[in-house]
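Student: The following block contains a protein sequence and its predicted model.
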Number of protein chains: 2
Amino acid sequence: MKSKAIFYHAGCPVCIAAEQSLAKAIDPARYEVEVVHLGTDRARLDEAEAFGVKSVPALVMDGTAFHINFGAGIDALR
Amino acid sequence: MKSKAIFYHAGCPVCIAAEQSLAKAIDPARYEVEVVHLGTDRARLDEAEAFGVKSVPALVMDGTAFHINFGAGIDALR
């Protein structure tokens, strides 16, 4: 059973760099990585906030939000 | 040839959570992950700053620094 990791982003340059380097480095043998673009998929905003996501890019692993650098505040995406 | 990833931390709770979840999730088949405790290994502070590390925990991949959440500013470790 793989763990779930969700990478939330909004297409910003900081987000893309983090996706290319960090999200893609996660071990696919142990993790199922889902990439969610909150700028276009706004129906997922409430879910992201419920995980504690305050800014993007962010990676949620095992229910814990890890914010990576700072691309955009989540309020700017609403 | 594996890529190098360096996880800089300072033993703070935020650092430990990031190490347990994020640093350990990196694919060991593609990355060699080194963990550096800047609180005890201060000789590595200059190197970390040269990579652009401003706070810990941070992960440097392919020479790019990704800051994760916020544990401690690097100046507090000097």
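Tutor: That came through, no problem. Residues are numbered from 1 along each chain as shown, chains lettered A, B, ... in the order given.

Student: and the closest residue to chain B within chain A, what pLDDT?
Tutor: Closest approach between chain A and chain B, counting by C-beta to the nearest C-beta: residue A:27, at 3.9 Å. (Each C-beta comes from the backbone N, C-alpha and C, glycine too.) Predicted confidence (pLDDT) for residue A:27: 97.

Student: From residue B:25, how far off is it?
Tutor: From residue A:27 across to residue B:25, the span is 6 Å (C-beta to C-beta, to the nearest Å).

Student: Strands along chain A, start to end?
Tutor: Along chain A, counting by DSSP state E, strands occupy A:3-9, A:31-37, A:55-61, A:64-73.

Student: Quick check: which of those is buried the most?
Tutor: Highest mean neighbour count of the strands of chain A: strand A:55-61, a mean of 26 (counted as mean count of other C-beta atoms under 10 Å in any protein chain shown).

Student: Give me the number of neighbouring residues for residue A:45.
Tutor: Look at residue A:45: counted by other C-beta atoms under 10 Å in any protein chain shown, it has 18 neighbours.

Student: Near chain B, which residues of chain A are found?
Tutor: A:3, A:5, A:17-18, A:21-22, A:25-31, A:59, A:61-62, A:64, A:66-69 (C-beta under 8 Å from any C-beta of the partner chain).

Student: In TSV: the strands of chain A, plus mean pLDDT.
Tutor: Formatted as TSV, these follow (pLDDT from 0 to 100):
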stretch	mean pLDDT
strand A:3-9	97
strand A:31-37	97
strand A:55-61	96
strand A:64-73	94
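
Student: mind giving me CSV with these and columns for distance to residue B:40?
Tutor: Listed next are the strands of chain A as CSV, based on distance: least, C-beta to C-beta, whole Å:
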stretch, distance to residue B:40
strand A:3-9, 30
strand A:31-37, 30
strand A:55-61, 26
strand A:64-73, 23
